[in-house]
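Participant: Return atomic coordinates for the entry below.
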Amino acid sequence: MTVSASYGSGGSVVAPRLAQSLNLPFADRLIPANDAAAAGVGAERVTEEERSQAARSRFLARLASVTGGLGLPTPTAEDLADPVRQRVKDSIEQLISSGGAVILGRAGAVVLAGHPRAFHVRLDGPKDRRVLRAMDIEGTDEASARARLEDTDRARARYVERLYGRDPADGRLYHLVLDSTVFPSDDCVRILAMAAAAFWEHAPTSVAP
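Facilitator: Residues are numbered from 1 along each chain as shown. Alright, predicted model coming up:
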């Protein structure tokens with residue numbers, strides 16, 4: 001099961017509780033950002049992979065503008081994306097081979113788009129309500145939450161777009177999109193657990209090699 005979550009939608013709280021409810025391992029986003037530790041459990045902020053990929057994209061754009069007229073070879077975003085994409089793919093394949101997990105982030109809905117038993121959900125909501133939820137989760141002030149929302153949503157969108165050419169906000173990637181800002185976290189867990197059980201009831205019981 002994959003969980004994609006915009007900033008402030010509570011993915012870092014809901015996903016681990018959902019894993020516990022489903023008796024599955026929880027797989028967090030790959031590497032927390034350097035400042036995530038300060039927020040403690042439930043930190044909503046961007047990971048190093050997401051931040052680094054966004055920074056690489058900006059760097060390549062500047063490099064191309066400088067060297068483009070000089071006829072010099074310039075590395076492409078694809079060149080830099082390959083190692084990251086392979087690392088993400090390997091990590092997800094390892095989770096699948098060990099019996100599955102609730103995977104938060106990692107563009108899991110894109111990587112496992114063709115897997116017949118992978119259930120994909122997206123947690124989202126209006127910005128104002130996500131700001132309020134982030135303030136509660138991270139114990140921060142409104143101005144900081146709004147700034148982090150813009151930075152984190154932008155970095156995550158660039159990360160998925162650069163690696164896979166997809167928009168993580170595209171509802172077509174998911175079986176279920178939930179406005180998690182209108183429900184308490186425990187209710188979100190119950191809704192998603194029920195939906196996952198219904199999905200797996202009708203999904204193939206095995207996957208062809």
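Participant: Report the beta-bridge partners for the closest residue to Ala195 other than its chain neighbours.
Facilitator: The shortest distance from Ala195 to any non-neighbouring residue, by Cβ to Cβ, 6 or more residues apart in numbering, is to Leu176 (5.3 Å). Using the backbone N, CA and C atoms, a C-beta is placed for each residue, glycine as well. Beta-bridge pairing for Leu176 (DSSP bridges): Val121.
Participant: residues contacting the nearest residue to Asp141 once chain neighbours are set aside?
Facilitator: Distances taken as Cβ to Cβ, 6+ apart put Met135 closest to Asp141, at 7.0 Å, once the chain neighbours are dropped. Met135 is in contact with Asp141, Glu142, Ala145, counting by Cβ atoms under 8 Å, 6 or more residues apart in numbering.
Participant: Most neighbours among the residues you listed, which one is it?
Facilitator: For those, neighbours were counted using other Cβ atoms under 10 Å, and Ala145 has the most, 21 neighbours in all.
Participant: my guess is that one contacts Gly8, does it?
Facilitator: Yes: contact criterion Cβ atoms under 8 Å: Ala145 and Gly8 qualify, at 6.9 Å.
Participant: what about the strands in this structure?
Facilitator: Listed in chain order, the strands of the chain (DSSP state E) span 2-5, 26-27, 102-104, 120-124, 176-179.
Participant: Those into a markdown table, with extra columns for distance to Asp82 and mean pLDDT?
Facilitator: Formatted as a markdown table, these follow (distance: least, Cβ to Cβ, whole Å; pLDDT from 0 to 100):
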| stretch | distance to Asp82 | mean pLDDT |
| --- | --- | --- |
| strand 2-5 | 22 | 96 |
| strand 26-27 | 22 | 92 |
| strand 102-104 | 21 | 94 |
| strand 120-124 | 24 | 97 |
| strand 176-179 | 30 | 97 |
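Participant: which one of the contacts of Met135 is nearest Gly99?
Facilitator: Ala145 (36.5 Å; Cβ to Cβ).
Participant: how far away is the closest one from Ser6?
Facilitator: 13 Å (Cβ to Cβ, to the nearest Å).
Participant: With Gly114 instead?
Facilitator: In terms of Cβ to Cβ, Gly114 sits 24 Å off from Ser6.
Participant: higher neighbour count, the two?
Facilitator: Higher neighbour count among Gly114 and Ser6: Ser6, with 23 against 7, using other Cβ under 10 Å.
Participant: Without its sequence neighbours, what residue ends up closest to that one?
Facilitator: Looking at Ser6 with Cβ to Cβ, 6+ apart, the closest residue is Asp124, at 4.9 Å.
Participant: Do a quick rundown of the helices in the protein.
Facilitator: 11-22, 48-67, 77-97, 108-111, 127-138, 142-164, 185-202 (DSSP state H).
Participant: Going by neighbour count, which residues of stretch 88-106 are buried?
Facilitator: By 16 or more other Cβ atoms under 10 Å, the buried positions in stretch 88-106 come out as Val88, Ile92, Leu95, Ile96, Gly100, Ala101, Val102, Ile103, Leu104, Gly105, Arg106.
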